[in-house]
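> fold the following for me, if possible:
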Amino acid sequence: MTGANWVALILLIVGGLNWGLVGLFEFDLVAAIFGEMSVLSRIIYVLVGLAAIYAAVLSPRLAAPKETAARRTRTARTN
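Residues are numbered from 1 along each chain as shown. Below is the predicted model:
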């Protein structure tokens, strides 16, 4: 996985956990740490949203089977 993929994954986990806490306990962890709609909390929310967009765009490539090196070699020989 690339660095961008790891960052997106971490942000999606943070966002998912935060929404779980909001849904279960009405507790917004990001707001508790960084302040209710402070500049930092808004940045975190925006980054989580961008990570979700990144993952949505990237997900078809993640779901597609990887072509193995042996398969590419066989294909190249036949062409």
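
> which helix runs longest in the chain?
helix 39-63 (DSSP state H).

> tell me which residues of that one are tucked away?
Ser41, Ile44, Tyr45, Leu47, Val48, Ala51, Tyr54 (16 or more other Cβ atoms under 10 Å). Every residue, glycine included, has its C-beta placed from N, CA and C.

> and the nearest residue to the first one once chain neighbours are set aside, how far from Trp19?
Think Ser41. Using Cβ to Cβ, 6 or more residues apart in numbering and skipping residues adjacent in sequence, the residue nearest Ser41 is Phe34, 4.0 Å away. When distances are taken as Cβ to Cβ, to the nearest Å, Phe34 and Trp19 turn out to be 16 Å apart.

> between those two, which one's more packed in?
Phe34 (17 against 13; other Cβ atoms under 10 Å).

> give me every residue that touches that one.
Applying Cβ atoms under 8 Å, 6 or more residues apart in numbering to Phe34 gives the contacts Leu40, Ser41, Ile44.

> same check on Glu36?
Taking Cβ under 8 Å, 6+ apart as the definition of contact, the neighbours of Glu36 are Asp28.

> ok, it to Asn5 distance?
Using Cβ to Cβ, Glu36 is found at 31 Å from Asn5.

> ditto for Val14
In this structure, Val14 lies at 15 Å from Asn5, with Cβ to Cβ as the measure.

> same thing with Gly35?
Distance from Gly35 to Asn5, counting by Cβ to Cβ: 30 Å.

> where in this structure is pLDDT low?
Using pLDDT under 70 as the threshold, the predicted model of the chain has low-confidence ranges 62-63, 65-79.

> what do you get if the cut-off is 80, keeping everything else the same?
By pLDDT under 80, the low-scoring segments of the chain are 1, 59-79.

> now Ala31: closest residue in space that isn't a chain neighbour?
Ser41 (5.5 Å).

> how much space between the one you found and Ala64?
Looking at Ser41 against Ala64, where the rule is Cβ to Cβ, the gap reads 36 Å.

> then Val22?
As for Val22, its distance to Ala64 is 33 Å (criterion: Cβ to Cβ).

> so between these two, which is more surrounded?
Counting neighbours by other Cβ under 10 Å for Val22 and for Ala64 shows that Val22 has the greater number, 14 against 8.
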